[in-house]
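Asks: fold the following, please.
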Amino acid sequence: MLTKKGAATRLRIIDAAAAEIRERGVGATTLDDICRRSGTGKSQLFHYFPDGKEQLLLAVAQREADRVLEDQQPHLGRLITWAAWDRWRDAVVARYRRQGVHCPLGVLITEIGRHTPAAQAVTRQLLVGWQQEIQAGVEHMRDSGHIARDVDPVRAAQALIAAIQGGVTILMATGSAEHLESALDLCLDYLRAGTQLRTAGR
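Replies: Okay, here's the model as predicted:
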């Protein structure tokens with residue numbers, strides 16, 4: 001059980017490692033870099049991560065996965081009106097635009113996940129939890145008559161996550177969030193369309 005000070009030091013090491021990886025990549029990041037950035041020594045680092053870099057990378061993966069969902073709250077857990085969906089959409093775009101090429105989702109999928117097999121399980125857990133949140137929102141909107149009954153909540157949630165991931169990948173390559181915005185907007189337009197067409201035909 002860590003003390004409050006110990007937990008803060010461990011988190012500082014994790015955040016320093018995450019920052020280094022975002023800027024330099026996993027391959028170019030050394031334990032010396034992480035110690036220098038976190039203001040800790042090797043003995044401290046190995047105290048909290050006795051198995052070394054592999055264990056630290058797994059902790060970074062979990063931290064980045066947590067941040068992906070935290071950054072979307074409270075909107076992600078309240079997708080019960082179209083206004084709420086629009087707020088979530090705006091929060092997602094704003095967050096990734098601010099983070100630019102140094103976003104936790106991109107780091108988790110394109111960097112840590114490729115170098116640390118255990119981190120792939122963290123990524124899977126992230127995607128499952130993320131999909132469940134979006135799926136619950138789609139189901140609520142469908143049950144309340146705001147989305148057409150023939151919309152599959154599972155496939156809709158999968159498409160939204162794929163749209164975000166694809167948009168973030170392009171953002172990391174180009175620095176532009178335009179593809180992310182377009183993909184999200186088209187997905188949300190699709191969800192709205194069935195009800196709008198049904199209403200117009202009455």
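Asks: quick one: contacts for L180?
Replies: V92, V93, Y96, A163, I164, G166, G167, V168, I170, L171 (C-beta atoms under 8 Å, 6 or more residues apart in numbering). Bear in mind the C-beta positions are built from the backbone N, C-alpha and C, glycine included.
Asks: next, the contact list for the fifth one, please.
Replies: Spelled out, that is I164. Neighbours of I164 in contact, by C-beta under 8 Å, 6+ apart: V92, L105, L180, A183, L184.
Asks: give me that answer again for 10 Å
Replies: 68, 72, 89, 92-93, 96, 105, 130, 134, 180, 183-184, 187 (C-beta atoms under 10 Å, 6 or more residues apart in numbering).
Asks: what do you get for the fourth one?
Replies: Taking C-beta under 10 Å, 6+ apart as the contact definition, A163 lies against V92, H179, L180, E181, S182, A183, L184, D185, L186, C187, L188.
Asks: and those, which two are furthest apart?
Replies: Taking C-beta to C-beta, the two most distant members of the contacts of A163 are H179 and L188; they sit 15.0 Å apart.
Asks: returning to that earlier point: derive a PyMOL selection command for the buried subset of the contacts of A163.
Replies: Per 16 or more other C-beta atoms under 10 Å, the buried members of these correspond to this PyMOL selection:
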select buried, resi 92+179+180+181+183+184+187+188
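Asks: of the contacts of A163, closest to P50?
Replies: Using C-beta to C-beta, the contacts of A163 come closest to P50 at V92, 37.1 Å.
Asks: so the closest one sits against D185, correct?
Replies: No: contact criterion C-beta atoms under 10 Å: V92 and D185 do not qualify, at 11.3 Å.
Asks: now the most centrally placed residue in the chain, what's its secondary structure?
Replies: Central residue of the chain (C-alpha atoms, centre = their mean): V68, 2.8 Å from the mean position. When classified by DSSP: H, G, I helix; E, B strand; the rest coil, V68 comes out as helix.
Asks: go ahead and confirm it touches Q125.
Replies: No: if you go by C-beta under 10 Å, V68 and Q125 don't touch, sitting 11.1 Å apart.
Asks: before we move on, what's the pLDDT of A193?
Replies: At A193, the model reports a pLDDT of 88.
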